[in-house]
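Asker: Let me see the structure of the following:
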Amino acid sequence: MKLVIHDLEEKNFRKIKLNLDESVKVISDDGTIHNCVGCFGCWVKTPGECVIQDKYSDMGELLSKCDTVNIISKCYYGGYSPFVKNVLDRSISYVHPYFEIRNGDMHHKSRYNNRFKLQVIFYGEDITENEKQTAGKLVKANSINLNCNDCGVSFVQNIEEMEGLSI
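Answerer: Numbers count the residues shown, from 1 in each chain. Next comes the predicted model:
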């Protein structure tokens with residue numbers, strides 16, 4: 001399965017002309033997501049599932065079924081938009097609270113026996129080189145923490161530049 005998480009307005013998302021079939025799940029901001037409260041209930045109270053009951057409570061399990069996760073986000077100072085960051089925060093149940101050493105660094109153990117490719121497209125008309133470097137490091141760190149098998153990051157200035165990208 002392929003997962004697309006984006007913060008675009010619906011009319012702009014349609015302009016990209018993605019090849020969306022039944023194997024693609026799209027998550028967009030419809031105004032219903034609740035903020036992660038940092039309670040770690042998804043680790044302790046209801047392992048693997050967020051205690052906040054809305055349509056984002058099973059994000060960890062959803063990631064476990066993906067072979068590719070594509071994120072389209074406006075670049076905010078080298079980071080994700082608030083909506084995309086919130087979706088990722090609500091996905092913490094994808095990993096265990098326990099740690100292991102991977103490549104000489106400490107990371108959370110994987111809850112699921114799944115590895116996916118993470119592809120992020122940041123957009124914005126005036127993304128600076130420092131923001132691009134920060135964003136690249138962020139995506140790399142996310143891919144390590146989520147135990148991804150590959151990751152990539154791209155930068156575009158506007159929606160029209162996304163039309164030719166493969167997602």
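
Asker: So which residues of the protein form helices?
Answerer: 10-15, 59-64, 82-89, 129-145, 159-162 (DSSP state H).

Asker: Nearest to Lys2 among the ones you listed would be which one?
Answerer: helix 59-64 (11.5 Å; Cβ to Cβ). Every C-beta, even on glycine, is put in place using the N, C-alpha and C of the backbone.

Asker: And that closest one, what does it pack against?
Answerer: Packed against helix 59-64, as judged by 3 or more Cβ pairs under 8 Å, 6 or more residues apart in numbering; DSSP states H and E, are no other helices or strands.

Asker: I'd like the distance from it to the chain centre, please.
Answerer: Centroid separation between helix 59-64 and its chain, computed with Cα atoms, centre = their mean, to the nearest Å, is 11 Å.

Asker: Would you mark the buried spots in it?
Answerer: Met59, Gly60, Leu62, Leu63, Ser64 (16 or more other Cβ atoms under 10 Å).

Asker: Export the residues you listed as CSV, with columns for pLDDT and distance to Leu146.
Answerer: CSV is the format used below for the buried residues of helix 59-64 (pLDDT from 0 to 100; distance: Cβ to Cβ, whole Å):
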residue, pLDDT, distance to Leu146
Met59, 95, 11
Gly60, 94, 10
Leu62, 95, 12
Leu63, 96, 7
Ser64, 95, 11
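
Asker: for these, which one is nearest Asn70?
Answerer: The closest of the buried residues of helix 59-64, once distances to Asn70 are taken by Cβ to Cβ, is Leu63, at 12.4 Å.

Asker: Tell me who's in contact with the closest one.
Answerer: By Cβ atoms under 8 Å, 6 or more residues apart in numbering, the residues touching Leu63 are Leu3, Val69, Ser91, Tyr94, Tyr112, Asn114, Phe116, Leu146.

Asker: Between those residues, which sits nearest Gly152?
Answerer: In terms of Cβ to Cβ, no member of those lies closer to Gly152 than Val69, at 11.2 Å.

Asker: Just list whatever residues bridge to that closest one.
Answerer: Listed by DSSP bridges, the beta-bridge partners for Val69 are Leu3, Leu118.

Asker: that older thread, reformat the helices of the chain as TSV; add distance to His108.
Answerer: Compiled in TSV, these are given as follows (distance: least, Cβ to Cβ, whole Å):
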stretch	distance to His108
helix 10-15	31
helix 59-64	11
helix 82-89	14
helix 129-145	7
helix 159-162	32
